[in-house]
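Participant: Need coordinates for the following:
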Amino acid sequence: MNGSVPGFDPVGQDILVRVDGLFDLGDGPDYNLIGFNTAHPDNHYGTGAANISHRNIAADYRAEFYGGNAMPEAEKLHYNDTSLTTGGKFDLKKEGVSAPDWTNTGSHDEHREGINTDVRCCSGPGTVPRSRWVRLNEIFELHGSTRTKDETNTRYPHWHLRFEYGSPQRAQVTPHSYVEDAFDAALLRESSQSEYENWYGRLTLAKASGQEPLLTESKVMQNSVFASSEYAARHRTRPQFVEDVFMTHLRRLPTADESYMWVSYMASLPPANTERRRQQRLLWEIQALPEFRDVVYAIVDPTFSQ
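Facilitator: Next up is the predicted model:
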């Protein structure tokens, strides 16, 4: 800072403005740190609580999907850009602008105080089943990320975590993620371009008309996926079918009691019911649950923050 008073020599003083209480996350066995570059050689500084959450999230992910087995490096969580060493504005330049721009609010705007991190699951979509991404949302919530932002349909698929440790809120679901998660969980693949354009367009249009049209269109899409010959060719057992329905509709796996209850329900239907008919009856029952309605009503507009 420089200052001057008429009649006196100009004076200058360096003043350090920083966010106190930030610590380097450091390396860990269950995650990789990414995003280092010349401008940001140290980019994983967070609060002590946020750093603990980072480690616990990665440890839970490893324990659930790999147990005591080694986890391939490419399949570990990738943490990117928490905060700089002293906090503050992370990126000061807009694309095509050479000088620092303090009004730049569109690039890592929240990565100022050590409580925000971008995280990628493995090296990108397709490395591991996308159904794991749904479980990751729950693990994020368990360890303190509130208002988690799902940006998995952007150029660089990731989640934006916010370690505010308030009332937990699940990662937001968009028409894009709703369609892709359903295809991945039921058919173990991404939707084709035509499938995506069809269902994304129908869901987006229905959402603009209100909650009930969106709920109706969501049921139509789910029923279409499970009625396909492609799903029938998977020859899923009844417990596996129940798991698939829970993942596509409720974005979670059933508990042991829920699995037993719904498998028993399918077995209790009259013998005249074909297996396809039993599956359809179960779909109707799950689609009548308030939990399914809440998932659909929570679908947000396809806009994303940084």
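Participant: Just the pLDDT at M1, thanks.
Facilitator: In this model, M1 is scored at 59, pLDDT.
Participant: Spatially nearest residue to L142, not counting backbone neighbours?
Facilitator: In space, and not counting its chain neighbours, L142 is closest to D60: 7.3 Å by C-beta to C-beta, 6 or more residues apart in numbering. From N, CA and C alone the C-beta is placed, and that goes for glycine too.
Participant: does the one you found sit in a helix, a strand or a coil?
Facilitator: Recorded secondary structure, D60: helix (DSSP: H, G, I helix; E, B strand; the rest coil).
Participant: How many residues are close by it?
Facilitator: Around D60 there are 18 other residues, counting by other C-beta atoms under 10 Å.
Participant: Roughly how far does it sit from S53?
Facilitator: 10 Å (C-beta to C-beta, to the nearest Å).
Participant: list the residues that contact both of those two?
Facilitator: Common neighbours of D60 and S53, using C-beta atoms under 8 Å, 6 or more residues apart in numbering, are H143.
Participant: Contacts for the helix or strand harbouring F140 next, please.
Facilitator: Element membership of F140, judged by DSSP states H and E, is helix 131-142. Contacting residues not belonging to helix 131-142 are listed as 57, 60-61, 64-65, 121, 148, 150, 152, 159, 161, 168-171, 181, 184-185, 247, 251-253 [C-beta under 8 Å, 6+ apart].
Participant: ok, of these, which come out buried?
Facilitator: Among the contacts of helix 131-142, those classed as buried by 16 or more other C-beta atoms under 10 Å are 57, 60-61, 121, 148, 150, 152, 159, 161, 168, 170-171, 181, 184-185, 247, 251-253.
Participant: Low-confidence ranges, the stretch 101-250 of the chain, go.
Facilitator: Counting by pLDDT under 70, the stretch 101-250 of the chain shows low-confidence ranges at 101-109, 123-128, 153-155, 166-172.
Participant: Which residue ranges of it form helices?
Facilitator: For the stretch 101-250 of the chain, applying DSSP state H, counting those that start in this stretch gives helices covering 131-142, 175-187, 193-209, 211-227, 229-232, 238-250.
Participant: Name the residues of the last one that are buried.
Facilitator: Residues of helix 238-250 classed as buried by neighbour count (16+ other C-beta under 10 Å): R238, F241, V242, E243, D244, V245, F246, M247, T248, H249, L250.
Participant: the inter-axis angle of that helix versus helix 131-142?
Facilitator: 60 degrees (axes from the mean of the first three to the mean of the last three C-alpha atoms, to 10 degrees).
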